[in-house]
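Colleague: Everything below, folded, please.
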Amino acid sequence: SHHAAKTVALHKQVPFMIVEHFVVPYQAFTPDVAWMLHHQREFYRQARAVVAVSKDNLAWLRSHFGLDSRKGEVIHNGRPAIFFDPPAPDVRRTVRHELAIQDDAIVCLTTARLVPVKGLEHQLAAMESLKNTAAWEKLHFLWAGEGPSRDSLMAVAAAAGVADRVHFVGQRDDVPALLDASDIFVLTSHHEGMPLSIMEAMAKGLPVAAAAVSGIPEELGDTGRLLPDPNTDPEGTRRGLAETLRQWASDDSDRRSIGEAGRLRARRLFTEDQMIANTARSEEHTSELQSPCNLVCRLLLEKK
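Modeller: Down below sits the predicted model:
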């Protein structure tokens, strides 16, 4: 998306860094990307630094996109302080009242675009398998986001008999409030970089059940629940999610302790201050020039 900007930067000798947030190998073979790969190799060669947000993504840059194996580093994204604020009970009640969800319900939140790559159909399949279990009486699913798959997902939910438990709330600018109102975070994507949505849920202390793809295993570490990769084992993803939700819905103590472990990991690894400091440090190590990135990072650090 920044092809033209990087080309101009090269011609004008403006120093630049490249930060890649989403890398999957199939991109290297799609017509709208493959034609520019030789340009991308030159961009990587000339960049002061190349940053990926996960080890998985950095490996793909080197194996499929022409990044020299001696170049590149991982800097995790970070989230603002508001996501680390303790959940507010009054916000929880307000959001649930707005959505007509009972105070004692177990709410499973997903914040994602409604597009095929997010694998939301796996959640619907897991819901259908939970309909005849005791856990189903408590479970509600809150989906925040918009996209072209909305109508088809609503139709599948209706056909599966779970439409009354899936709340399509559209694009929202109050994600911290939605996290406060929720008990579990779910993401069953086919591909990711290292999702900000998972970091935000961890920071708020929600246990996370997510597909083991891209940078998600690195993100969760030994917290949360990794589900089988839906690209190779979609049935395993669905069964694993259903079993996880059944277990977490029936054991409040277990659910909360897993969420607390995620919160501590997020506090240790995924704060905004750490991201800014690591980015500034990377630029300083690779150039003595005062590039625009370096100046912005210094200003942000001074502000902090």
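
Colleague: Got the phi and psi for the residue nearest the centre of the chain?
Modeller: The C-alpha lying nearest the average C-alpha coordinate of the chain belongs to Pro195 (C-alpha atoms, centre = their mean; 1.7 Å). Backbone geometry at Pro195, expressed as degrees, to the nearest 10, gives phi -60, psi 130.

Colleague: I'd like the average pLDDT over stretch 179-199.
Modeller: The pLDDT scores in stretch 179-199 average 97.

Colleague: if we look at stretch 168-182, which residues are touching it?
Modeller: By C-beta atoms under 8 Å, 6 or more residues apart in numbering, the surrounding residues in contact with stretch 168-182 are 82-83, 85, 87-88, 91-92, 94-96, 99, 101, 107-109, 111, 142-146, 150, 153-154, 185, 200-201, 204, 206. No exception for glycine: its C-beta is placed from N, CA and C like everyone else's.

Colleague: scratch that, stretch 225-234 is what I was asking about
Modeller: Counting by C-beta under 8 Å, 6+ apart, stretch 225-234 makes contact with 119, 122, 188-191, 207-213, 216-217, 220, 236-237, 240-241, 244, 258, all of which sit outside it.

Colleague: could you flag which of the contacts of stretch 168-182 are buried?
Modeller: 83, 87, 91-92, 95-96, 101, 107-109, 111, 142-145, 150, 153, 185, 200-201, 204, 206 (16 or more other C-beta atoms under 10 Å).

Colleague: Of those, which belong to strands?
Modeller: Members of the buried ones among the contacts of stretch 168-182 lying in strands (criterion: DSSP state E): 107-109, 111, 142-144, 185.

Colleague: what packs against the particular helix or strand that has Tyr44 in it?
Modeller: For Tyr44, the enclosing helix or strand under DSSP states H and E is helix 37-46. Applying 3 or more C-beta pairs under 8 Å, 6 or more residues apart in numbering; DSSP states H and E, we find helix 37-46 packed against helix 3-12.

Colleague: so the helix it packs on versus helix 37-46, what angle?
Modeller: Compare the direction of helix 3-12 with that of helix 37-46 by axes from the mean of the first three to the mean of the last three C-alpha atoms, to 10 degrees and you get 50 degrees.

Colleague: Please, where are all the helices along the stretch 101-250 of the chain?
Modeller: Counting by DSSP state H, counting those that start in this stretch, the segments of the stretch 101-250 of the chain that form helices are 120-130, 150-159, 175-180, 196-203, 216-220, 234-250.
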